[in-house]
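**Student:** When you get a sec, could you give me coordinates for this:
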Amino acid sequence: RREAEFALAGARLDPYNESPFRFLIGLLREQQKVANNMATSLYKEYYSSVEAMRLILQDAQRDPEACVNWTSARIDLLEGIHDDDEEESSLTKASALATGMAEQYDTIRQKYWKLRVRQLEEKKSSLNKNRTAA
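**Tutor:** Predicted coordinates:
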């Protein structure tokens, strides 16, 4: 928890710095390997914390959606949420954010963002197949 809070504090200081976000995502992925059942609630908690940084960007007169590192972290956090009811919704949100990055905000890395959209859509499709089979 302390390390995650440290990462969030760094991200609040400079939402354009990729490092604190990558550190936070790495911590959560490690936690997911150890205790998958706890990871979902952590992803949700830290998604809320990262989403709250929108105000920091708005106060600085910046378009929050144009902050690539902030949006990328939100996509990764949404992808990590694993609730039966919310997962598809979180994957849909993540896919929409990645589409926005490809088409409007980070067109220089358009191929990367389109790849992320495909990955998210495949994951969503796989979840739908598993639900129908169950």
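
**Student:** Buried residues of the helix ranked longest in the chain, list them for me.
**Tutor:** As assigned by DSSP state H, the longest helix anywhere in the chain is helix 110-133. If you call a residue buried by 16 or more other Cβ atoms under 10 Å, then helix 110-133 has these buried ones: W113, R116, V117, L120, E121, K123, K124. Heads up, the C-betas are built off the backbone N, CA and C, glycines and all.

**Student:** any chance you could map the strands in the protein?
**Tutor:** In the chain, no strands are defined using DSSP state E.

**Student:** Below-threshold pLDDT in it: ranges please.
**Tutor:** 36, 82-88, 134 (pLDDT under 70).

**Student:** can you pull out the helices in it?
**Tutor:** Going by DSSP H, the chain shows helices at 2-13, 18-34, 36-51, 54-59, 68-80, 84-100, 110-133.

**Student:** Which strands and helices lie in contact with the first one?
**Tutor:** Yep, that's helix 2-13 we're talking about. Under the contact definition 3 or more Cβ pairs under 8 Å, 6 or more residues apart in numbering; DSSP states H and E, helix 2-13 sits against helix 18-34, helix 36-51.

**Student:** Residues touching the shortest one, excluding its own?
**Tutor:** Counting by Cβ atoms under 8 Å, 6 or more residues apart in numbering, the neighbours of helix 36-51 from elsewhere in the structure are 4, 8, 11, 21, 24, 28, 31-32, 70, 73-74, 77-78, 80-83.
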